[in-house]
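A.B. asks: Fold the following and give me the result.
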Amino acid sequence: MYCFSSIITSFLKDLPSPIFTYSDKNMFSSVISQFKEINDLPKTVTALTLAIRRIDPIKRRFLIFMLNLYYSIAQQQEINKMTINYLGICVAPSFFSQEITYMTTTEKNVDSQIKIMTLLIGLYPLICSGFEESKNVLEQRYNLTPQQLSDYMKNPSSYSIDGIEFNTSKQSSNPSVSLRRTKSMA
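C.D. replies: The predicted model follows:
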């Protein structure tokens, strides 16, 4: 799976245009900055889903495929030591424009890219199950049924979020987001 992931990541870097444009990055950063506590999960999921819908359909297909792959890798973290945080750090540059990354390589922008990817990977089951593209992913077992999604939205604390750092402080120097699926998702 690592070789496959590496090949696809290289492919993403070589695309004529990135999955996320600069305006997409700003839109996702704005959504994520509003995620302050577990009760914000439903509106965050809704906002992220709407933001993903704005992405070009072909890019959205790649994005959903990759989020599923990375989420699958993170679910094996006891074996491979690849937490959602580590994955976010490793893959974030592949999803953003190289020109933008080089022009604005500040700690804040890099942290923003990492937070975006970390949260998208961690919330994959909640934000992508409703997309048609999620039917063509490697691990369909992580796709939620409409009833499961509804249950999580009614009771956000039932979605296991371990070690998430909500945006209650002004600025965090190291994003720490760790989400795990619950037994009902297995």
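
A.B. asks: Now Gln76. Its backbone dihedrals?
C.D. replies: Taking degrees, to the nearest 10, you get phi -110, psi 20 for the backbone angles of Gln76.

A.B. asks: Same question for Glu139.
C.D. replies: phi -110, psi 90.

A.B. asks: How about Lys36?
C.D. replies: phi -100, psi -20.

A.B. asks: now the one 10 residues further on
C.D. replies: Torsion angles at Thr46 (phi, psi; degrees, to the nearest 10) stand at phi -60, psi -50.

A.B. asks: give me the number of residues near it?
C.D. replies: For Thr46, the neighbour count with other CB atoms under 10 Å is 14. Bear in mind the C-beta positions are built from the backbone N, C-alpha and C, glycine included.

A.B. asks: Could I get the contacting residues of it?
C.D. replies: For Thr46, the contact set (CB atoms under 8 Å, 6 or more residues apart in numbering) is empty.

A.B. asks: And the pLDDT at Ile164?
C.D. replies: In this model, Ile164 is scored at 47, pLDDT.

A.B. asks: Apologies, that question was intended for Thr44.
C.D. replies: You'll see Thr44 listed with a pLDDT of 91.

A.B. asks: Could you find the closest non-adjacent residue to it?
C.D. replies: In space, and not counting its chain neighbours, Thr44 is closest to Phe35: 4.5 Å by CB to CB, 6 or more residues apart in numbering.

A.B. asks: Let me know the secondary structure of that neighbour.
C.D. replies: Three-state assignment for Phe35 (DSSP: H, G, I helix; E, B strand; the rest coil): coil.

A.B. asks: surely it meets Leu119?
C.D. replies: Yes. Look at Phe35 against Leu119 with CB atoms under 8 Å: they come within range, at 7.3 Å.

A.B. asks: on that earlier part again, neighbours around the residue nearest to Thr44, how many?
C.D. replies: Residues near Phe35, counting by other CB under 10 Å: 21.

A.B. asks: Would you list the phi and psi of it?
C.D. replies: The phi/psi pair for Phe35 (degrees, to the nearest 10) reads phi -80, psi 90.

A.B. asks: So it versus Phe28, what's the distance?
C.D. replies: Distance, Phe35 to Phe28, by CB to CB, to the nearest Å: 11 Å.

A.B. asks: Repeat that for Leu48.
C.D. replies: Distance from Leu48 to Phe28, by CB to CB: 7 Å.

A.B. asks: so what sits against both of those two?
C.D. replies: Taking CB under 8 Å, 6+ apart as the criterion, Leu48 and Phe28 both touch Leu120.

A.B. asks: so who does Asn80 touch?
C.D. replies: Ile73.

A.B. asks: can you pull out the strands in this structure?
C.D. replies: For the chain, applying DSSP state E gives no strands.

A.B. asks: residue closest to the middle of it?
C.D. replies: Leu120 (1.3 Å; CA atoms, centre = their mean).
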